[in-house]
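Participant: Quick one: sequence plus predicted model below, questions after.
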Amino acid sequence: MEKINNLLNQVAIINKKNAEILDATGGRFNMFRVCGVNHYENTHSAILAELLNPKGTHGLKSKLLECFIDTLGDYFTIEKFDFDKSRIHTEHSTEEGRIDILIEDNQNKAIIIENKIYANDQPEQLKRYNRYAQTYKNGYQILYLTLLGDNASEQSGGGVSYLSISYKENIINWLEKCVAIASRFPTVRETIIQYINHLKQLTNQDMDIKNKEEITEVLSKIENLRAAQAIYQNYSATYNYLIEKHFNPKMEEFAKQKGLEYHYERSEEQYVRFHLTNSNWQGKCWIGFTFEGNRCHYGLCNNPNVYRISEENRKTLHENLNKLDIFSRKESNWWPFYAHYTNLSLDTWENDIIKSDNFLNECKEKIEKLLIAMEGINF
C-alpha cells in the first residue's frame, strides 16, 4: 500500500504541474468546449468539411485536403484524385441514406466519410453507402471515422471495403500539420489549434509532452510498475464504490417516492448503468440508463422477444414527449424512446457526482419527464 500511495503522490504532483501550466497559459480556454461541441457528429462533420473544402473560407484552397490524404499514405486507394476541383457535401441525401461527408472530384471519383463519434451503427449503413458509391465508376473509398478508430459492426460493414480512422490519431495528426500550413493565416491557425486541443480533451490526450515523459519515467521503475498494475486492476471497481457512496442511496430514495424499484448495474469512467421498474408495468418495460456503441443514452425499454409496446402506445408516448419539449427522440425495437446524453468524464465525477448532486438531479429530471410521458399508456 505504501508503494501505491507513493506512486499516486508522484503522479498527482505531475498532474498538478500540468494543470498549473494550462492555467498559466490559458490552455483550458476552448470555445469548442464552451459551445458544447462534444458528441454531435453533425457539428464535427461541418468543421471537418469546411477545412477539407478547397472553396472553404479558410482561403488555403486544396492544401488542407491534400494534407489529409497525404496523412493516410498508402491506405488511400484512389488514384489521381483531383483535389483542386473537388466538391464537399455534408449530410448528403441519397436513396441509401444521408452521407455525413461526401467529397467528389470532376472525374467521377468520391471519398465517403462516415462520422461516428459515439453513435451506434444504423442497419446495414456502410453496405448501403457502398451500393451508392458504386455509381462513381472511376474510384471511391469509404472512411469510417470514430473517436478511437473502432471498426464498424458486422451488420453495418460486413463484406464492405472501408478504412477505419480515428480522431485520436488520424485527425489530430492531420490538424497538427494544418497548423503549419496555415502559419500565415492567424485566425485559421488559432482556430485549428483550439480544435486540436478540444479533440485531445475528448480523447484524454491533453497533457503536456514533457509531463507525459516524466510520468513514463516514474512508472518505468519496477516497484512503481507493480503498484501501477494494482491500481489498474482496481480502477473500474473504484467507480462502483463512488456510485454506491454518492449516488445510489439518493436514487433509491427518489425511486421509492415515485413508486419505482431502483436496480443498479455497474459503472465505468464514462457511464453509470441502471434501470427502474414498476409493478404496474408487469415486467414488460422499464426505464433504462445505459451505455452502448461508446455512447450514453436513456429511455423507455422493452424486450421485443417478450413484449413490444403497441404502435398506438408509441404514438401516445411521442406525443406526450413532444408536449414536454423533448425533441431529440429516437426509437428501435428495444427502445420505444431513447435519447443520447453526454458521456461522463473525470470532471463530471468530481464536480457533478462527488461534490454535488448535479448528475443525480439530471437523471431525476429525465425520469420524471418520462413518467409524465408514459401517463395514459396501458401495459
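Facilitator: Sure, I can see it. Since the structure is predicted, the reported quantities are computational estimates derived from the model, not experimental observations. Residues are numbered from 1 along each chain as shown.
Participant: all helices of the stretch 201-350 of the chain, in order?
Facilitator: Using DSSP state H, counting those that start in this stretch, the helices of the stretch 201-350 of the chain run over residues 209-219, 222-246, 248-257, 311-323, 346-348.
Participant: for the first one, what is the average pLDDT?
Facilitator: Spelled out, that is helix 209-219. The average pLDDT within helix 209-219 is 60.
Participant: Confirm for me that Ile69 is in contact with Phe83.
Facilitator: Yes: in this structure, Ile69 is within contact of Phe83 by Cβ atoms under 8 Å, at 7.5 Å. Where C-beta positions appear, they are placed from N, C-alpha and C, glycine not excepted.
Participant: Show me how this structure divides into domains.
Facilitator: Under automatic domain parsing, the residue ranges defining each domain of the chain are 31-202, 238-373.
Participant: Nearest to Phe379, out of those domains?
Facilitator: Checking those against Phe379 by Cβ to Cβ gives domain 238-373 as the closest, at 5.0 Å.
Participant: any idea how far the closest one is from the chain center?
Facilitator: In this view, domain 238-373 has its centroid 18 Å away from the chain centroid, taken as Cα atoms, centre = their mean, to the nearest Å.
Participant: average model confidence for it?
Facilitator: Computed over domain 238-373, the mean pLDDT rounds to 89.
Participant: Check stretch 45-62 too.
Facilitator: Average pLDDT, stretch 45-62: 94.
Participant: C-alpha coordinates for it, CSV please?
Facilitator: Output of stretch 45-62 as CSV, limited to C-alpha atoms (Å, rounded to 0.1, in the frame of the first residue of the first chain):
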residue,chain,number,x,y,z
SER,A,45,-18.7,16.9,-39.7
ALA,A,46,-19.4,20.6,-40.5
ILE,A,47,-16.0,21.6,-39.0
LEU,A,48,-14.1,18.9,-40.9
ALA,A,49,-15.9,19.6,-44.2
GLU,A,50,-15.1,23.3,-44.0
LEU,A,51,-11.4,22.6,-43.5
LEU,A,52,-11.4,20.0,-46.3
ASN,A,53,-13.3,22.2,-48.8
PRO,A,54,-11.0,23.8,-51.4
LYS,A,55,-13.5,26.6,-51.6
GLY,A,56,-13.7,26.9,-47.8
THR,A,57,-13.5,30.3,-46.1
HIS,A,58,-10.0,29.4,-44.7
GLY,A,59,-8.5,30.6,-48.0
LEU,A,60,-6.0,27.8,-48.3
LYS,A,61,-7.7,26.2,-51.3
SER,A,62,-7.0,22.5,-51.6
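Participant: now that stretch, how far from the centre of its chain.
Facilitator: Its chain's C-alpha centre and that of stretch 45-62 lie 23 Å apart, by Cα atoms, centre = their mean.
Participant: quick one, what contacts Ser86?
Facilitator: By Cβ atoms under 8 Å, 6 or more residues apart in numbering, the contact set of Ser86 is Pro54, Ser62, Leu65, Ile103, Glu104, Asp105, Asn106.
Participant: Is it correct that the first one falls within a strand?
Facilitator: Read that as Pro54. No: under DSSP: H, G, I helix; E, B strand; the rest coil, Pro54 sits outside any strand and is assigned coil.
Participant: Isn't it up against Phe68?
Facilitator: No: between Pro54 and Phe68 there is no contact under Cβ under 8 Å: 11.5 Å.
Participant: These two: which has the busier surroundings?
Facilitator: Applying other Cβ atoms under 10 Å to Pro54 and Phe68 shows that Phe68 carries more neighbours, namely 26 against 20.
Participant: In which helix or strand does Ile193 reside?
Facilitator: For Ile193, the host element (DSSP states H and E) is helix 186-202.
Participant: Show me which residues of that helix are buried.
Facilitator: Buried residues in helix 186-202, counted by 16 or more other Cβ atoms under 10 Å: 188-189, 191-193, 195-202.
Participant: wait, which of those residues is closest to Ile142?
Facilitator: So of the buried residues of helix 186-202, ranked by how close each gets to Ile142 (Cβ to Cβ), first place is Leu199, at 21.9 Å.
Participant: mind checking how far that closest one is from Lys323?
Facilitator: In this view, Leu199 and Lys323 are 38 Å apart by Cβ to Cβ, to the nearest Å.
Participant: Can you name every helix or strand that the helix holding Ile193 contacts?
Facilitator: For helix 186-202, the packing partners by 3 or more Cβ pairs under 8 Å, 6 or more residues apart in numbering; DSSP states H and E come out as helix 31-34, helix 172-181.
Participant: what's next to stretch 67-80, contact-wise?
Facilitator: So stretch 67-80 is in contact with 52, 81, 83, 107, 109, 111, 139-141, 163, 165, 170, 173-174, 177-178, 181, going by Cβ under 8 Å, 6+ apart.
Participant: Any of the residues you listed buried? List them.
Facilitator: Buried subset of the contacts of stretch 67-80 (neighbour count, 16+ other Cβ under 10 Å): 52, 81, 83, 107, 109, 111, 139-141, 165, 170, 174, 178, 181.
Participant: Tell me where the stretch 51-200 of the chain has strands.
Facilitator: Per DSSP state E, counting those that start in this stretch, the stretch 51-200 of the chain carries strands over the ranges 87-94, 97-104, 110-116, 140-146, 162-166.
Participant: Could you work out the end-to-end span of stretch 163-171 for me?
Facilitator: 14 Å (Cα to Cα, to the nearest Å).
Participant: List the contacts of it.
Facilitator: When contacts are defined by Cβ under 8 Å, 6+ apart, stretch 163-171 is touched by residues 48, 71-72, 75-76, 117, 141-152, 199, 202-203, 205.
Participant: Select from the contacts of Ser86 the one having the most neighbours.
Facilitator: Ile103 (26 neighbours).
Participant: Tell me what the nearest residue to that residue once chain neighbours are set aside is bridged to.
Facilitator: In space, and not counting its chain neighbours, Ile103 is closest to Ile111: 4.1 Å by Cβ to Cβ, 6 or more residues apart in numbering. The partner list for Ile111 in beta bridges (DSSP bridges) reads Ile103, Gln141.
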